[in-house]
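In: Build the 3D model from these lines:
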Amino acid sequence: MNEGTCRWEWRSFAPSPGDFAGIVAMQGEAPAVSHEVYVLSSLSPDNVKVRDRSLDVKTMVSVHPTGLQQWCPTLKAAFPLDDAALRTACQAWRIAPLPGSRSSCTLDEFLRDVVGSQPTLRAVAVDKQRTRISGHECPGEHVRLAVGGAVWESVAFEHDDPLK
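Out: Presented below is the predicted three-dimensional model:
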């Protein structure tokens, strides 16, 4: 388990490409491309995703009165996953631990046997183009998302201080 520093995040989405183009043009950085799978739970707001053959889990800690969300990275584990990593994912999804113990779980087994066996979970493929940005001393990102044939954009900023 790899715990990280909790941080406050603000994120906005727009359904049409180009809505945030001015922000990104000011930064001048080339986007990084990734293909990810988000595992959504109808029981939890926590963030569970597969990126670069690793499982990342972020847990929502609280919501500030201004709407900022505080997230804490709770796991980054490479596939094949061990039983402890699977238990962490189950906790994030708010489901009971899976029966039995596994010494390892490949990505294919994870998607088929773990995610596919749970009616409250859904795997969603997301293609991203992410550009790092910053503003008012806060690191951020501009993301162009392709999900199920639809293209969205997002701008986000994060900091460990909610007042930054």
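In: what's the first-to-last distance across stretch 62-72?
Out: Taking CA to CA, to the nearest Å, stretch 62-72 runs 10 Å from one end to the other.
In: May I see the buried residues of it?
Out: Buried positions in stretch 62-72, judged by neighbour count with 16 or more other CB atoms under 10 Å: L68, Q69, Q70, W71, C72. (Glycine included, C-beta is placed from N, CA and C.)
In: Tell me how far it lies from the chain's centre.
Out: Here stretch 62-72 is found 16 Å from its chain centre; the criterion is CA atoms, centre = their mean, to the nearest Å.
In: residues making contact with that stretch?
Out: With CB atoms under 8 Å, 6 or more residues apart in numbering as the contact definition, stretch 62-72 has outside contacts at 3-10, 47, 58-61, 162.
In: Repeat that for stretch 51-58.
Out: The set of residues that contact stretch 51-58 without belonging to it, under CB under 8 Å, 6+ apart, is 34, 36, 46-50, 71-79, 81, 85, 88-89, 92, 107, 110.
In: Drop anything exposed from those residues.
Out: In the contacts of stretch 51-58, burial by neighbour count holds for 46-50, 71-77, 79, 81, 85, 88-89, 92, 107, 110, counting by 16+ other CB under 10 Å.
In: what stretches of this protein score poorly on pLDDT?
Out: Flagging of the chain using pLDDT under 70 yields the residue ranges 1-4, 16-28.
In: any idea which helix or strand carries the residue sitting furthest away from the middle of it?
Out: Distance from the C-alpha centroid of the chain peaks at G100, with 27.2 Å (CA atoms, centre = their mean). Secondary structure assignment for G100, by DSSP states H and E: no helix or strand.
In: Show the contacting residues for it.
Out: Here G100 is in contact with no residue (CB under 8 Å, 6+ apart).
In: surely Q129 meets A30?
Out: No - proximity of Q129 to A30 does not meet the contact threshold set by CB atoms under 8 Å, at 9.4 Å.
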